[in-house]
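In: please work out how this folds:
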Amino acid sequence: MTIQLTNIVIYSHDKRQRVLSLKAGELNIITGASKSGKSSLIDIVDYCFCSDECNVPEGPIRRCVSWFGLGLKIRDGFAFIARKIPNRGKKSSESCYFEIGSEISTPDALSIMPNTNTEGLRSLLSEWSGIKENLHQPAEHHSRPAISANIRHALTFCFQQQDEIIRREQLFHKASDSFISMAIKDTLPYFLGAVGDEYLSIIEKLKHLKAQLRILERQIKELKSLRGEGTSKASSLLAQARAAGLSSSFAANYEETISLLKYINAHTIAEKAHKESEDPHLKEHDRLTLERDRLILEKKNLKNEIDAAKKYQQDERGFSREATEQRSRLESINIFDEECQENSCPLCTQSIENHGNIPSVIELKSELSIITDRLKDVAKFSPRMEKAILKKQSDLNKIDEHLRKNRSELEAISKASAKLKKLKEAANKGAYVLGRISLYLESLPDLPDSRNLELRAKNIISQINLLEEEVSDEQILEKLNSISSILGAQMSEWARNLELEHSEHPLRLDFKKLTIISDTANGPVPMKRMGSGENWVGYHLISHIALHRWFIQQSRPVPGFLFLDQPSQVYFPPERDIVGAIEEIDEEDREAVKNMFKFIFDSVPASKKLQIIVTEHADLNEDWYQGSVAERWRSGLKLVPPDWPSE
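Out: Coordinates of the predicted model:
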């Protein structure tokens, strides 16, 4: 047992209370006349169980009641919950109250003070019902989000309202809403046990393992890529080393190839240098080569010095020409007297305006003297510069002579030694290959052994396969089919006892279409194609009672009560319903009503793990029926006392 009802309580605006006591683990019947408030009881219970909207009809109940409350028997004791009636014009209220204990008496109105909201109360009710963390993840091609089952989803199997229990195209509470219908389909596997309580932990473990596997696979792929490219390149370099005479070895695999390349890189250069040092022609060739390089460098430096000197000499000559011309112009100043007035022309002695910008005779003679001295200095330095250039040119000629001699000697050695040519070619080729080998080895990453990574990946894949099998859609579907078969066998037996149509054929619950199917020789017959209200009510009863028996047997987290509203309505049309006496209907219908209620009565197990609450017009004169009547609302007795004040 998870949750059952011990009482339904309503509170008036003047702090009075009305308590409807119920027995846990038994059949409870509230029988009475129309318009007494019976059908509102399901709406009251649903509202207290945190529905988004208060569906209690407008009228005396909404006007005269301030709070709804429920006494609950839970797994570890008792609880009381209450929820405030929505204010006028509002659809719901967030003001909620709860208390729990080993024994609880119904609190008076003054004690009801909000201490939680609907979200908090919903979490508590889900916990009391035994609902653990769960998640339904729709298939990838579906756009709807993942859903976690809570107490609101569990109540789907606890209510059958007056207009639902007789509906042929709808089996479950509020399933006419497409969103609710989809939520039922998504959460039904969890409530049935096709998806166990460990489902979410398995999903989380799968996510973790798959993340690990992705990392390992990426590492393995990178290693294989590097090894793939590296194997080809390493083998090519080893072949080039053999062609260059650096090695004669072959490798069987990548590791051997790398070892050989490392050996060649470490030993070949020293060995080649030692061999080459033993050849006298090669030694002389190397000496002459070094000498040639030195002479070429000296020649280059001398040419740069000579070019710079010539450039200086050219600039010097240009200065001399310019200075000589200036001196010639200034020498004419000697014809004037130094005492010539500054404001008079020295030729005609006339006065000159703005004479401040005209240099004096003394200043002009001073400039002539400076230019004359500079020309003397240039005349002294020019012969020395010419001599220096000639000396450098002589040195350059000597270097050219040395270079011609060096070239001649090199050509003689090359012609005299064919071995030298081969050695040089081999040395150049070997040096090139060695350079490539060295560069390749330096670029190699420190690659771990991929076998350990592959073994770890293999183990993870095995774990993933086992876990995915446990939570795969195919596995869940197989479990659902198995459950449907078990439930179908029980429902078929009950249908035959109630003499429902199509009961001669196997029945099953179709969890995809949320209906009952009768499998006939001519094909499946869904409930919507079965005739008569008596059959529709009968199939609603046997399916819900079969489900609750399954929930109990498998200890599934669904509240242990089933609330039925007026299952006998097909036998008591409104125009004939006066006192609900069974004598008001014909004998055949009377027998059918008795059989139906006896079936309901017998469906309550001795374990008291299922409570059935029925609101009814009918009032059967049977001991077992009368013993199950919780209250009889006739002769003016109703849910809401008539003297309660309105809001």
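
In: what backbone torsions are found at the residue nearest to the spatial centre of the chain?
Out: What sits nearest the mean C-alpha location of the chain, by CA atoms, centre = their mean, is residue 207, with 10.4 Å. Per-residue torsions, residue 207: phi -60, psi -40 (degrees, to the nearest 10).

In: and it, how far is that from residue 250?
Out: Separation of residue 207 from residue 250 (CB to CB, to the nearest Å) stands at 48 Å. Where you see a C-beta, it was placed from the backbone N, CA and C, and this is true even at glycine.

In: give me the pLDDT for residue 307.
Out: Residue 307 is assigned a pLDDT of 82 by the prediction.

In: can you check residue 570 too?
Out: 85.

In: wait, is residue 232 part of a helix?
Out: Yes - under DSSP: H, G, I helix; E, B strand; the rest coil, residue 232 falls within a helix.

In: need the per-residue pLDDT for it.
Out: At residue 232, pLDDT is 71.

In: that one: how many residues sit nearby?
Out: Burial of residue 232 is recorded as 11 neighbouring residues (other CB atoms under 10 Å).

In: now do residue 386
Out: Residue 386: 12 neighbours (other CB under 10 Å).

In: state the distance from it to residue 393.
Out: 11 Å.

In: same thing with residue 559?
Out: Where residue 393 is concerned, residue 559 sits at a distance of 117 Å (CB to CB).

In: more neighbours: those two, which one.
Out: Using other CB under 10 Å as the criterion, residue 559 and residue 393 rank with residue 559 on top: 27 against 15.

In: give the closest residue to that one in space, chain neighbours not counted.
Out: In this structure, residue 559 finds its nearest non-sequential neighbour in residue 3, 4.1 Å apart by CB to CB, 6 or more residues apart in numbering.

In: just give the number of residues close to that neighbour.
Out: 25.

In: swap in residue 405?
Out: By other CB under 10 Å, 13 other residues sit near residue 405.

In: contacts only, for it.
Out: Neighbouring residues of residue 405 by CB atoms under 8 Å, 6 or more residues apart in numbering: there are none.

In: let's go with 10 Å and repeat that
Out: Going by CB atoms under 10 Å, 6 or more residues apart in numbering, residue 405 touches 288, 291, 295.

In: need phi/psi at the first one.
Out: Yep, that's residue 288 we're talking about. Taking degrees, to the nearest 10 as the convention, residue 288 sits at phi -70, psi -30.

In: show me what the helix or strand that contains residue 598 is packed up against.
Out: Element membership for residue 598, per DSSP states H and E: helix 587-603. If contacts are counted by 3 or more CB pairs under 10 Å, 6 or more residues apart in numbering; DSSP states H and E, helix 587-603 sits against strand 27-32, helix 473-497, helix 533-553, strand 561-565, strand 611-616, helix 623-626.

In: want to throw those into TSV with mean neighbour count, mean pLDDT and distance to residue 106?
Out: Output for these, formatted as TSV (neighbours: other CB atoms under 10 Å; pLDDT from 0 to 100; distance: least, CB to CB, whole Å):
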stretch	mean neighbour count	mean pLDDT	distance to residue 106
strand 27-32	24	94	17
helix 473-497	16	92	37
helix 533-553	21	95	27
strand 561-565	24	97	18
strand 611-616	25	96	18
helix 623-626	14	94	26
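
In: looking at the ones you listed, which is closest to residue 511?
Out: Closest to residue 511 of the helices and strands packed on helix 587-603 is helix 473-497 (CB to CB; 5.4 Å).

In: could you check the angle the closest one makes with helix 587-603?
Out: 130 degrees (axes from the mean of the first three to the mean of the last three CA atoms, to 10 degrees).

In: contacts only, for residue 561.
Out: Taking CB under 10 Å, 6+ apart, we find residue 561 in contact with 1-5, 22, 24-25, 28, 45, 72-73, 155, 157-159, 548, 610-613.

In: return the subset of those residues lying in strands.
Out: Mapping the contacts of residue 561 onto strands (DSSP state E) picks out 4-5, 28, 72-73, 159, 611-613.

In: just flag the most distant two among the residues you listed.
Out: 73 and 159 (18.2 Å).

In: for residue 131, give its distance to residue 209.
Out: Here the criterion is CB to CB. By it, residue 131 lies 26 Å from residue 209.

In: of those two, which one has the most company?
Out: Neighbour comparison, residue 131 and residue 209: the larger count goes to residue 131, with 24 against 17 (by other CB under 10 Å).

In: quick check, pLDDT for the more buried one.
Out: 89.

In: try residue 426
Out: The model's pLDDT for residue 426 equals 68.

In: what's the answer for the one 3 residues further on, then?
Out: pLDDT recorded at residue 429 is 75.

In: and residue 10, that's in a helix?
Out: No - going by three-state DSSP, the assignment for residue 10 is strand, not a helix.

In: wait, what's in contact with residue 99?
Out: 78-82, 107, 111-112, 115.

In: what helix or strand does it sit in?
Out: strand 96-101.

In: tell me the buried residues in the next helix or strand after that strand?
Out: With elements assigned by DSSP H and E, the helix or strand that comes after strand 96-101 is helix 118-129. Neighbour counts over helix 118-129 (16 or more other CB atoms under 10 Å) mark 118, 121-122, 124-126, 128-129 as buried.

In: with stretch 156-166 instead?
Out: Buried residues in stretch 156-166 (16+ other CB under 10 Å): 156-161, 164-166.

In: what's the answer for stretch 92-99, then?
Out: By neighbour count on 16+ other CB under 10 Å, the buried set for stretch 92-99 is 92-93, 95-98.

In: looking at those, which is nearest residue 180?
Out: Among the buried residues of stretch 92-99, and counting by CB to CB, the member closest to residue 180 is residue 92, at 17.0 Å.

In: which residues touch the closest one?
Out: Taking CB under 10 Å, 6+ apart, one finds 47, 50-55, 83-86, 118 in contact with residue 92.

In: ok, residue 96 - contacts?
Out: Contact analysis of residue 96 by CB under 10 Å, 6+ apart lists 48, 50, 67, 81-84, 114-122, 124.

In: typo on my end, it should be residue 511
Out: 184-185, 188-189, 192, 194, 477, 480-481, 483-484.

In: how close does it sit to residue 57?
Out: With distances taken as CB to CB, residue 511 is found 33 Å from residue 57.

In: residue 208 now?
Out: 51 Å.

In: one more: residue 555?
Out: Distance from residue 555 to residue 57, by CB to CB: 37 Å.

In: burial of residue 194, as a residue count?
Out: 20.
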